[in-house]
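Chemist: prediction below, plus the sequence it came from.
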Amino acid sequence: MYKNHISLKPKKFGTLKFSSKKPARQFKGGNFKRNNNRSSKKRGFSERIDFSRFIKKGQHVEEKPYVSKHTFIDFPFNPQVHKNIARCGFINPRPIQDQAIPSIIAGKDVFGMANTGTGKTAAFLLPLIEKISKTKGQNKAEKVLIMAPTRELALQIDSDFRALAFGLGMFSVACVGGLPITKQIAEIQRGVSFVIGTPGRMRDLIERKVLDLSTCHSVVLDEADRMLDMGFRDDMVFILGKVSKERQTLFFSATLPPEVKKLTTEFLKDPVFISVISGETAKNIDQDIIRTRTKEEKLDKLYEVLKREGSNKVLIFREMKHSVDALTKDLARMGFKVGCIHGDKRSRERIRTLDLFKKDHINILIATDVAARGLDIPDVTHVINYDVPQTYDTYVHRIGRTGRSGKKGIALTFV
């Protein structure tokens with residue numbers, strides 16, 4: 001954990017004080033506007049969070065490696081799929097893969113609970129690719145539908161599909177807002193096996209009578225809880241109503257709130273329940289708070305953290321889109337290599353910025369919660385909540401971007 005007193009630029013910025021020893025205050029919920037894409041569904045109140053929950057010393061120990069019951073060779077995949085698995089560098093199945101793949105191959109509905117970054121994308125893609133490869137000659141029109149809450153996650157799933165389905169003659173379309181709908185329509189009309197996208201754009205394509213899901217017998221809802229948080233429930237229900245009633249349905253979620261539980265009872269038939277949740281937050285993340293009184297002091301203390309040795313790759317979260325833009329300009333003026341993403345950015349710009357961050361061409365990324373889940377960004381050293389998250393679940397997902405693969409991470413929350 002950071003020391004209680006740090007001063008990197010004492011003449012200008014003073015002392016950076018951490019307050020683990022002070023009595024923890026509570027965050028009282030108030031009216032906070034949310035900038036989700038589905039603005040008509042915004043939640044009006046924040047959760048009451050005790051700030052002491054943001055303070056925790058990381059143990060910096062790796063958990064004992066999971067001993068899988070299967071190897072990838074044990075799964076009855078097409079030889080080309082096995083080649084693709086090896087090409088992608090997969091060695092042993094991760095827990096969610098080890099437990100979910102046999103049930104999905106058997107045609108059962110599955111509800112999987114797993115932390116982000118646990119390999120669940122391959123857990124559903126691999127058996128569904130195998131399923132379509134077997135039925136492709138019998139019914140070329142059969143489709144798999146995969147819904148995700150954000151453009152970035154949908155595009156990442158599409159990229160993973162292309163790698164795992166290489167050489168099998170299967171095609172996919174990424175149906176997301178912000179990218180040309182005419183191109184997506186053309187790809188659907190040419191014929192695709194996998195339709196991957198966000199609920200809003202998918203509904204648009206259905207209502208235009210471009211996307212026909214009557215031959216879809218496999219459905220995946222990834223990050224189902226996040227989709228409900230973002231106000232996509234009506235779209236999700238509408239889309240599921242257009243899918244064949246004779247289908248296999250897979251839900252994946254990091255939490256099980258009442259709304260998700262209700263959806264599972266409505267749309268899953270005798271599901272296999274799998275949970276590989278590893279705890280509230282990663283054990284190897286140092287968590288602490290930074291108290292500030294004014295905007296100026298807040299920016300000064302952020303500067304000190306970013307200049308500190310070891311702040312090599314930093315992800316900063318803000319609640320509002322305009323706040324993301326403002327902080328990006330402030331840090332750029334200070335000389336930092338910084339980029340930002342949020343819902344108002346064009347998809348191409350968001351994709352480009354994420355790529356720059358992943359490849360270390362910029363070392364600071366400022367984002368709304370579009371970056372809080374599902375994205376696999378390697379080697380993030382720090383997650384900074386420049387604004388207090390509205391719920392503790394959101395906090396958990398945000399800080400889960402660091403401390404991955406057994407590495408040490410640091411999470412700081414400004415209060």
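Modeler: Arrived safely, thanks for sending.
Chemist: from now on I want contacts and neighbour counts done on CA atoms only, so please keep to that.
Modeler: Will do.
Chemist: for D212, grab the count of nearby residues.
Modeler: Close neighbours of D212, defined as other C-alpha atoms under 10 Å, add up to 16.
Chemist: model confidence score at the closest residue to it other than its chain neighbours, please.
Modeler: Excluding the flanking residues, the one nearest D212 by C-alpha to C-alpha, 6 or more residues apart in numbering is I206, at 6.6 Å. With respect to pLDDT, I206 scores 97.
Chemist: am I right that I206 is in a strand?
Modeler: No - under DSSP: H, G, I helix; E, B strand; the rest coil, I206 sits outside any strand and is assigned helix.
Chemist: count the neighbours of it for me.
Modeler: So I206, with other C-alpha under 10 Å, has 15 neighbours.
Chemist: that one contacts G200, correct?
Modeler: No - if you go by C-alpha atoms under 8 Å, I206 and G200 don't touch, sitting 10.1 Å apart.
Chemist: tell me the contacts of F161?
Modeler: Going by C-alpha atoms under 8 Å, 6 or more residues apart in numbering, F161 touches 125, 172.
Chemist: could I get the buried residue list for the helix or strand where it lies?
Modeler: Counting by DSSP states H and E, the element that carries F161 is helix 151-164. Neighbour-count burial for helix 151-164 flags 151-158, 160-162, 164 (criterion: 16 or more other C-alpha atoms under 10 Å).
Chemist: same thing with stretch 198-210?
Modeler: Result for stretch 198-210 [16+ other C-alpha under 10 Å]: buried residues 198-205.
Chemist: now do stretch 94-114
Modeler: Buried positions in stretch 94-114, judged by neighbour count with 16+ other C-alpha under 10 Å: 94-105, 107-114.
Chemist: now swap in stretch 345-353 and tell me
Modeler: Of the residues in stretch 345-353, those buried (16+ other C-alpha under 10 Å) are 347, 350-351, 353.
Chemist: domain-wise, how is the chain divided?
Modeler: Annotated domains of the chain cover 5-62+281-414, 72-275 [automatic domain parsing].
Chemist: which outside residues touch stretch 380-389?
Modeler: The contact list for stretch 380-389 (C-alpha under 8 Å, 6+ apart) reads 310-319, 395, 398-399, 401-403, 408-415.
Chemist: for the stretch 301-415 of the chain, give me the ranges with low pLDDT.
Modeler: Confidence mapping of the stretch 301-415 of the chain against pLDDT under 70 gives the ranges 372-375, 405-406.
Chemist: where along it do the strands fall?
Modeler: Counting by DSSP state E, counting those that start in this stretch, the segments of the stretch 301-415 of the chain that form strands are 314-317, 338-341, 364-367, 382-385, 409-414.
Chemist: name the strands paired with the longest one and say parallel or antiparallel.
Modeler: What it means is strand 409-414. Within its sheet, strand 409-414 is paired with strand 285-290 (parallel), strand 382-385 (parallel), according to DSSP bridges.
Chemist: Serialize the ones you listed to a markdown table and add fields for distance to L299 and mean neighbour count.
Modeler: Listed next are the strands paired with strand 409-414 as a markdown table, based on distance: least, C-alpha to C-alpha, whole Å; neighbours: other C-alpha atoms under 10 Å:
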| stretch | distance to L299 | mean neighbour count |
| --- | --- | --- |
| strand 285-290 | 11 | 23 |
| strand 382-385 | 12 | 26 |
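Chemist: adding distance to F124, write those out as a markdown table.
Modeler: Below are the strands paired with strand 409-414 laid out as a markdown table (distance: least, C-alpha to C-alpha, whole Å):
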| stretch | distance to F124 |
| --- | --- |
| strand 285-290 | 29 |
| strand 382-385 | 29 |
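Chemist: closest to L221 out of the ones you listed?
Modeler: Closest to L221 of these is strand 382-385 (C-alpha to C-alpha; 26.9 Å).
Chemist: chain center to that closest one: distance?
Modeler: Here strand 382-385 is found 16 Å from its chain centre; the criterion is C-alpha atoms, centre = their mean, to the nearest Å.
Chemist: and stretch 76-95, by the same measure?
Modeler: Stretch 76-95 sits 23 Å away from the centroid of its parent chain (C-alpha atoms, centre = their mean).
Chemist: could I get it in CSV with only the CA atoms?
Modeler: C-alpha atoms of stretch 76-95 as CSV (Å, rounded to 0.1, in the frame of the first residue of the first chain):
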residue,chain,number,x,y,z
PRO,A,76,-14.6,-33.7,-29.3
PHE,A,77,-13.8,-30.7,-31.5
ASN,A,78,-13.1,-30.6,-35.2
PRO,A,79,-9.4,-31.1,-36.0
GLN,A,80,-9.3,-27.5,-37.4
VAL,A,81,-10.8,-26.2,-34.1
HIS,A,82,-8.0,-28.0,-32.2
LYS,A,83,-5.4,-26.4,-34.5
ASN,A,84,-7.0,-23.0,-33.8
ILE,A,85,-6.9,-23.6,-30.1
ALA,A,86,-3.2,-24.3,-30.3
ARG,A,87,-2.6,-21.3,-32.5
CYS,A,88,-4.3,-19.1,-29.9
GLY,A,89,-1.9,-20.4,-27.3
PHE,A,90,-4.5,-22.2,-25.1
ILE,A,91,-2.8,-24.9,-23.1
ASN,A,92,-5.2,-26.1,-20.3
PRO,A,93,-8.8,-25.1,-20.0
ARG,A,94,-9.6,-22.4,-17.5
PRO,A,95,-12.2,-23.2,-14.8
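Chemist: so who does V276 touch?
Modeler: 95-96, 112-115.
Chemist: so which of the residues you listed are in strands?
Modeler: Under the assignment DSSP state E, the contacts of V276 contribute 112-113 to strands.
Chemist: save the contacts of V276 as a markdown table, and put in distance to T264 and pLDDT too.
Modeler: Shown next, in a markdown table, are these (distance: C-alpha to C-alpha, whole Å; pLDDT from 0 to 100):
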| residue | distance to T264 | pLDDT |
| --- | --- | --- |
| P95 | 22 | 91 |
| I96 | 19 | 93 |
| G112 | 11 | 94 |
| M113 | 12 | 89 |
| A114 | 16 | 81 |
| N115 | 19 | 70 |
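Chemist: between the contacts of V276, which is closest to D325?
Modeler: N115 (29.1 Å).
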